[in-house]
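**Q** This is a predicted model, with the sequence first.
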Amino acid sequence: MAIKHYYQLSYPTILMYYNLLGVDTKTLDINQIETEVSDLEYLVPCALELLPQSSQKINQEWLEILEKMCTYFEYSSEGEALQQFYMKSIIGILNTATSLNLMEEERVDYILHFERLNEILSYVLAQINCMEVREVYELFGAIQNSDSKKIYEAIKVYPAICLFCYLAMSDNENSEDYRMFENENSSKINMNNLWEVILKNAHKNKEFKVLKRDFVRLSFKDAKALSIQK
């Protein structure tokens, strides 16, 4: 008889997953969250149905990352340390790739900003899922070392994720990153536009400081509430 496999995750990991989707984690009862499941699909929150369609893709990509995190590493102290560093690397990459000006400074449109962030996340997570674990470590290492040259060289292999990180590490804090989208009301990225932004704004790079915290975003519920108030 085959031994049934269970996935064991921590509360912080699950809560970050929900926040990544745009779920309002303030409304969740942590006592109702299962941290040990036989199928990762059991973790999918009911609130996902209330989120934009773009959050569905993020959900599938993140479940794939969780699958690798739970099954790729050996069950040992060394394996656990590598697993933790894998997640730390992914969070560091997410915090970097999303450190962009997705909206004009004077413009207030929380729903559009939410969708634009989802677009960035979809590209980033999809490419992380195409990368070997070693490559994830290496990209995060390049970010930590402010090695923009190495990131630029990797664009030919993993274009979107490296373009976002390279642009985020630019010394131009007023870069018009929002011009990467098809038009002022679109959340779809036009790669030609993105390259134009890169060539115009990312000619210099600074010593980049990686945010040492979990990825955090505004929930879709709050985005809608703030949009009504404005």
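**A** Looks like it arrived, so ask away.
**Q** residue ranges with poor pLDDT in this protein?
**A** 1-4, 202-206, 229-230 (pLDDT under 70).
**Q** Grab the longest helix from it for me.
**A** helix 77-97 (DSSP state H).
**Q** That helix: which residues count as buried?
**A** 83, 86, 87, 89, 90, 91, 92, 93, 94, 95, 96, 97 (16 or more other Cβ atoms under 10 Å). (C-beta placed from N, C-alpha, C; glycine too.)
**Q** Any idea which residue is closest to the centre of this structure?
**A** The centroid of the chain falls nearest to residue 94 when counting by Cα atoms, centre = their mean (3.9 Å).
**Q** For the closest residue in space to it that isn't next to it in sequence, which residues are in contact?
**A** Counting by Cβ to Cβ, 6 or more residues apart in numbering, residue 94 lies nearest to residue 215, which is 4.5 Å off, once chain neighbours are set aside. The contact partners of residue 215, taken as Cβ atoms under 8 Å, 6 or more residues apart in numbering, are 16, 19, 20, 91, 94, 95, 98.
**Q** contacting residues for residue 128?
**A** Contacts of residue 128 by Cβ under 8 Å, 6+ apart are 61, 65, 90, 93, 136, 161.
**Q** which one of the residues you listed sits closest to residue 121?
**A** Nearest to residue 121 among the contacts of residue 128: residue 61, at 8.1 Å, using Cβ to Cβ.
**Q** Pull the number of nearby residues for that closest one.
**A** Per other Cβ atoms under 10 Å, the neighbour tally for residue 61 reads 19.
**Q** Work out for me the element it sits within.
**A** helix 53-71 (DSSP states H and E).
**Q** Can you mark which positions in that helix are buried?
**A** 54, 55, 56, 58, 59, 61, 62, 65, 66, 68, 69, 70.
**Q** How about residues contacting that helix?
**A** With Cβ under 8 Å, 6+ apart, helix 53-71 has contacts from 7-9, 13, 17, 20-22, 40-41, 43-44, 48, 83, 86-87, 90, 115, 118-119, 121-122, 125-126, 128-129, 133, 187, 220.
**Q** Only alpha carbons, please: show that helix as CSV.
**A** The C-alpha coordinates for helix 53-71 follow below in CSV (Å, rounded to 0.1, in the frame of the first residue of the first chain):
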residue,chain,number,x,y,z
GLN,A,53,-9.2,36.6,-13.7
SER,A,54,-5.6,37.6,-13.7
SER,A,55,-5.3,36.3,-10.1
GLN,A,56,-6.2,32.8,-11.3
LYS,A,57,-3.0,32.6,-13.3
ILE,A,58,-0.9,33.8,-10.4
ASN,A,59,-2.6,31.1,-8.3
GLN,A,60,-1.6,28.3,-10.6
GLU,A,61,2.0,29.6,-11.0
TRP,A,62,2.4,29.9,-7.2
LEU,A,63,1.0,26.4,-6.5
GLU,A,64,3.7,25.1,-8.9
ILE,A,65,6.3,26.9,-6.9
LEU,A,66,4.9,25.5,-3.6
GLU,A,67,5.0,22.0,-5.2
LYS,A,68,8.7,22.3,-6.0
MET,A,69,9.4,23.8,-2.6
CYS,A,70,7.8,20.9,-0.8
THR,A,71,9.1,18.0,-3.0
